[in-house]
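The following block contains a protein sequence and its predicted model.
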Amino acid sequence: MLLTQQSLGWRIKSALYLITGSIAAFLAMPIFFIVALSFGSSQWLVFPPPHWTTKWYERFFDNPQWIDAALTSLQVATVTSIVATLIALPASFALVRGKFRGRDYLYSLFTLPMIVPVVIIAVATYSMFLSLGLTGTLVAFIISHVIVAVPFAMISIINSLKLFDKSIENAAVICGASRLQAIFKVTFPSIKPGIFAGALFAFLVSWDEVVISVMMASPELQTLPVKMWSTLRQDLTPVIAVASTLLIFLSLFIMLAANILRKRSQ
Amino acid sequence: MTTQSSTPLVTLKLLNKEYGQFTAVNHINLEIEKGEFLTFLGSSGSGKSTTLSMIAGFETPTSGEILLHNNSLIHVPSHKRGIGMVFQHYSLFPHMNVRDNIGFPLDIRKVPKPERDKKVDEILKLVQLSDFADRRPNMLSGGQKQRVAIARALVYEPEILLMDEPLGALDKKLREDLQDELRQIHRRLGITIIYVTHDQDEAMRLSERIAIFKDGEIVGLGSGTELYNTPPNAFVASFLGNSNFLKVRIKSESQAQFEQQLLTLGTQSHRIPDQTDVLLMIRPENIYVLPKEQAAQEPLAADMNEILATVEETVFLGESYTCTLVTQSGQRLMGKAVAREHTDVTAGSEVCVRWSTQHSCVYEQWSEQDIMKAS
């Protein structure tokens, strides 16, 4: 028997609604909290805020350090997203289409960065870049972010590639297109939503990344989460709430876009 | 039939395909004439689709040869074979409208725009889709999609059109309409069509010749009439249409024993040694069922056989009146040629069952699986 909504009594139904609602509220609480604080007048992050103000936003946008950090974050996330997608795309093709020994192991290897604790990746990449003298550079940020972003891009692309009917590509081939032409003219355009969703996920991973970034950062070059972290250690200011709010909203926006694209690719 | 031309268009020579231990296509030989409509008919896993895929170039044969105009195709990549193909699930390009889908083969061949547009318009008219040219595939019905796919496969005028169960996903009415359209297109363009289906009605309706596949081999090849009236083996007899099988023992050159009676056989049995057990096949529509009294009034013609049976069940189907019969030794038969006025042919009544010797076929070798109708 299926447990459908209609088959439940109103008591159970309302209880379920209540529980679901509470859990959702519990999960969303920190976000509401931080957004409210970013508009609160209290220097000490008093809740509920005694008055409402936008002066912390002015502080944020007047401080070149914050703006630099935000721009660095955008820059790193954008390049990471592009590089990760360019790596994930051919890798996904090999893993979905290829028939070779050790394919499953290769897939595990590619998704390993999702499972390995980030701290370990952070320490490993830090010591590597340290010996190369690259710490505190954009390159170091991007390479280390790409490592953790690739699996996310790949999962999305692999999914859409698996859903793609290969006979469509074969149709292009029998129409006279070479395999490569068929892939570029037919397969890629068909799975475009999946590729874009993958790119957006990769962007998000980089945008939110803090553990690795703390290691890679220098006083001159830091991403937004790193800047928040270091500011937080010095003093408590509502400007951090502002930075958090901006971070959250860009993330939410991208998440939404990625979800819409993913739905369209199915 | 089209057998007078000197070399066939396509020749398959000992074509073989193995996947590990499994033999999908077992050393088949086949010649396909220019302009013919040939159907590969078989159940799933019989090797028909694999054979088609090898002709298209999507599968590489394990061994054997595919010749087009006497030139080997084995090392020619799919996109240079100049073959058209229609797939089961339409396989239209989702990001292009109907016009660009159909124009794709011409665009790949860098056909100049005016000529390209002219050809696309012509073929749109042929498949009656001119009004839908600017639509995306997801805005079309199943039948329209498949017509676009056919148009796309025909627009660059390939010599051969391969069709892999193209109508399988459509409902019955639409399927029959498209079958008629397809036959017309074949007549008008004179193109060679190789068609794959598991639907015997479709194969009969469409094709000039049918190749029946079983376990990777072609077990029957000929026109629908030939294969139906004189099936080459018990499998084909049972696979195509309905059939009755009687186990009989050869007694002399043209006679066999069934229960206590002697039956006259056709000319096929002349070489078979006496005392051999053989299988006799008669189509239900060739089995006449008569009430005993009437049989007494109608003398048995020289080329007719007669056995006695009991009616087990009768079914009135409008165009025919079918009855299931049981012989004395318990073998079951189905008879369709029951005259309507014989209302006294009812369950339990004893009847005479007659058929003409020219309507029976004799098989020396068969397996029980062959004659069990795969349902």
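Arrived safely, thanks for sending.

List, one by one, the residues from chain A near chain B.
A:165, A:167-168, A:170-179, A:181-182, A:186, A:189-190, A:192 (CB under 8 Å from any CB of the partner chain). Yep, even glycine has a C-beta here, placed from its N, CA and C like the rest.

Quick check: which helices or strands does the helix or strand that contains A:Ala202 pack against?
Element membership for A:Ala202, per DSSP states H and E: helix A:192-208. With contacts taken as 3 or more CB pairs under 8 Å, 6 or more residues apart in numbering or on different chains; DSSP states H and E, helix A:192-208 sits against helix A:64-97, helix A:138-163, helix A:238-264.

Tell me the helices and strands packed up against the following helix or strand past that helix.
Remark: after helix A:192-208, the chain's next helix or strand is helix A:211-216, criterion DSSP H and E. Under the contact criterion of 3+ CB pairs under 8 Å, 6+ apart, helix A:211-216 touches helix A:118-132, helix A:138-163, helix A:224-234.

how about these in a markdown table, adding mean pLDDT and mean neighbour count?
What follows is the helices and strands packed on helix A:211-216, written out as a markdown table (pLDDT from 0 to 100; neighbours: other CB atoms under 10 Å in any protein chain shown):
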| stretch | mean pLDDT | mean neighbour count |
| --- | --- | --- |
| helix A:118-132 | 93 | 15 |
| helix A:138-163 | 94 | 23 |
| helix A:224-234 | 89 | 18 |
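
Of all these, which one is nearest B:Gln179?
Of all the helices and strands packed on helix A:211-216, helix A:138-163 sits nearest to B:Gln179, with 31.0 Å by CB to CB.

quick revisit: which one, of the helices and strands packed on helix A:211-216, ends up nearest to B:Val326?
Comparing those by CB to CB, helix A:138-163 comes nearest, at 54.2 Å.

and that closest one with helix A:224-234, angle?
Angle, helix A:138-163 to helix A:224-234, by axes from the mean of the first three to the mean of the last three CA atoms, to 10 degrees: 130 degrees.

circling back to that earlier point, now a ChimeraX select for only the buried ones of the residues of chain A next to chain B.
Selecting just the buried residues from these in ChimeraX takes one command, with 16 or more other CB atoms under 10 Å in any protein chain shown as the test:
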select /A:167,168,170,171,172,173,174,175,176,177,182,186,190
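
residues near the nearest residue to B:Cys323 once chain neighbours are set aside, how many?
In space, and not counting its chain neighbours, B:Cys323 is closest to B:Thr314: 4.4 Å by CB to CB, 6 or more residues apart in numbering or on different chains. The tally of other residues near B:Thr314 (other CB atoms under 10 Å in any protein chain shown) stands at 19.

and if you look at the one 10 residues further on?
Using other CB under 10 Å, B:Thr324 has 17 neighbouring residues.

how distant is the helix or strand harbouring it from the center of its chain?
Assigned by DSSP H and E, B:Thr324 falls within strand B:321-327. Remark: strand B:321-327 is offset 27 Å from the chain centroid, using CA atoms, centre = their mean, to the nearest Å.

And the helices in the stretch 1-150 of chain B, which stretches?
Per DSSP state H, counting those that start in this stretch, the stretch 1-150 of chain B carries helices over the ranges B:48-56, B:98-108, B:113-126, B:142-154.

how about whatever residue of the stretch 201-350 of chain B ends up closest to chain A, what does it touch?
The nearest approach of the stretch 201-350 of chain B to chain A comes at B:Glu202, 20.1 Å away (CB to the nearest CB). When contacts are counted by CB atoms under 8 Å, 6 or more residues apart in numbering or on different chains, B:Glu202 is found next to B:39, B:167, B:175, B:179.

of all the residues you listed, which comes closest to chain A?
Using CB to the nearest CB, B:Leu167 comes nearest to chain A of the contacts of B:Glu202, at 15.5 Å.

The closest one - nearest residue in space that isn't next to it in sequence?
Distances taken as CB to CB, 6+ apart put B:Arg175 closest to B:Leu167, at 4.5 Å, once the chain neighbours are dropped.

That neighbour is in what secondary structure piece?
Assigned by DSSP H and E, B:Arg175 belongs to helix B:172-189.

I'd like to check what contacts that helix. Which residues are they?
If you take CB under 8 Å, 6+ apart as the criterion, helix B:172-189 is touched by B:37, B:126-127, B:142-143, B:146-147, B:150, B:154, B:167, B:170, B:191, B:193, B:202, B:205-206.

Write out the residues of the stretch 151-300 of chain B neighbouring chain A.
Contact residues (CB under 8 Å from any CB) of the stretch 151-300 of chain B with chain A: B:152-153, B:156, B:162.

between these, which is closest to A:Ala77?
A:Ala77 has its nearest neighbour among these in B:Arg152, at 41.5 Å by CB to CB.

and that closest one, what is it in contact with?
By CB under 8 Å, 6+ apart, the contact list for B:Arg152 reads A:171, A:175, B:92, B:101-102, B:104-105.

I figured B:Val311 hits B:Thr322, correct?
No: B:Val311 lies out of contact with B:Thr322 (CB atoms under 8 Å); the separation is 10.9 Å.

residues making contact with the longest strand along chain B?
Looking across chain B with DSSP state E, the single longest strand is strand B:304-316. Residues from elsewhere that reach strand B:304-316, judged by CB under 8 Å, 6+ apart: B:258-259, B:261, B:263-264, B:289, B:295, B:300, B:321-328, B:332-333, B:338, B:345-357, B:360.

could you redo the last one with a cut-off of 6 Å?
B:263-264, B:300, B:322-327, B:345, B:347, B:349-356 (CB atoms under 6 Å, 6 or more residues apart in numbering or on different chains).
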